[in-house]
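Visitor: Next come a sequence and a model predicted from it.
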Amino acid sequence: MQSSTGMVSEVERVAIEIYEMLRCERGDAAAVHDINPAVLHSSWELLQRLGLGEFDDDAQRCIAIEPEVAMARLIRLCQQVLLTREADAAEAVWGAPAGLAPPRWTLDGHAGLRLVTGHQAVAAALADAYRASASSRFTVHGDSVPEWGRSTHADVEMAGRGVDIRQVYRCRSALSGRQRRHLQAVTEAGVQVRLDPCPPIDLIIIDDASVILPDPDRPGWALALIESTVWAHATRLVADQCWDAAVDHAAVGTASLPA
């Protein structure tokens, strides 16, 4: 995974501006008069391809798709693509199934998006993300706080390289001694950690340029890798909401969070 901090193209920058303009419903013609028409057209097309923008039912008005909705749609698309691949594999072995053929789902037109499947491939992709040169890493975990061990050393080592790390973990019960030991070690190294009884999504954002979305139905077996500054921006909006809703780990102590 390559970091692209400071290398945002003009089309991506304008796409982010348009996306925020539409989300805040402050869009008027004057707001885009100074933008090169070709860049404006390319930026809107980019938002459409990424699933972050579309026309309303009358095709009269451009609207932004809220990031949590766009992320849910993307995850469903990836799951459908995986089902198509599995159906193709089954057909190759057992022959065509009886009845109507299921719809074929692909990622055509989704440049910068790659599906990774299989436990070993997913583990390798996550390891690459940890080792990649980066300046920031924002993670929302559906898993609970890890116990002191390998994860501790990885986070401490990354923070020692100057990486700005923020993490949200699921926490529904009192933390164990080894979990508190992990938190103490990583926060002393500079990692910021908050806890939430039920984070709504798993995600990793690297350098505000790359996104990792694990498949919630197949944790550890499938994930989507997205190399897109625009998608990273939208994902960051969701991650920031998770961060604001979570509680600083120091305020939890040995107590459990209300569900």
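Guide: Done, it's in.
Visitor: tell me the domain ranges of the protein?
Guide: 10-65, 68-251 (automatic domain parsing).
Visitor: In terms of secondary structure, what does the lowest-mean-pLDDT helix or strand in the chain contact?
Guide: Within the chain, no helix or strand scores below helix 67-94, which has a mean of 87 by mean pLDDT, DSSP states H and E. Using 3 or more CB pairs under 8 Å, 6 or more residues apart in numbering; DSSP states H and E, the elements in contact with helix 67-94 are strand 113-117, strand 210-214, strand 222-227, helix 229-245. Where you see a C-beta, it was placed from the backbone N, CA and C, and this is true even at glycine.
Visitor: could you redo the last one with a cut-off of 6 Å?
Guide: helix 229-245 (3 or more CB pairs under 6 Å, 6 or more residues apart in numbering; DSSP states H and E).
Visitor: which helices and strands does the helix it packs on pack with?
Guide: Using 3+ CB pairs under 6 Å, 6+ apart: helix 229-245 touches helix 10-23, helix 67-94, strand 136-144, strand 203-206, strand 210-214.
Visitor: Dump these to JSON lines, plus distance to residue 186 and mean neighbour count.
Guide: What follows is these, written out as JSON lines (distance: least, CB to CB, whole Å; neighbours: other CB atoms under 10 Å):
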{"stretch": "helix 10-23", "distance to residue 186": "31", "mean neighbour count": "19"}
{"stretch": "helix 67-94", "distance to residue 186": "27", "mean neighbour count": "15"}
{"stretch": "strand 136-144", "distance to residue 186": "12", "mean neighbour count": "19"}
{"stretch": "strand 203-206", "distance to residue 186": "16", "mean neighbour count": "24"}
{"stretch": "strand 210-214", "distance to residue 186": "19", "mean neighbour count": "23"}
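Visitor: which residues of this protein score low on pLDDT?
Guide: Applying pLDDT under 70 to the chain picks out residues 1-7, 26-33, 96-103, 252-259.
Visitor: one more time with 50, if that's ok
Guide: Low-confidence segments of the chain (pLDDT under 50): 2-6, 29-30, 254-255.
Visitor: got a list of what residue 196 touches?
Guide: For residue 196, the contact set (CB atoms under 6 Å, 6 or more residues apart in numbering) comprises 168, 246.
Visitor: List the beta-bridge partners for it.
Guide: residue 170 (DSSP bridges).
Visitor: Repeat that for residue 205.
Guide: Beta-bridge partners of residue 205, counted by DSSP bridges, are residue 138, residue 211.
Visitor: before we move on, what about residue 225?
Guide: Under the criterion used (DSSP bridges), residue 225 bridges to residue 114, residue 212.
Visitor: quick one: it from residue 107, how far?
Guide: According to CB to CB, to the nearest Å, residue 225 and residue 107 sit 11 Å apart.
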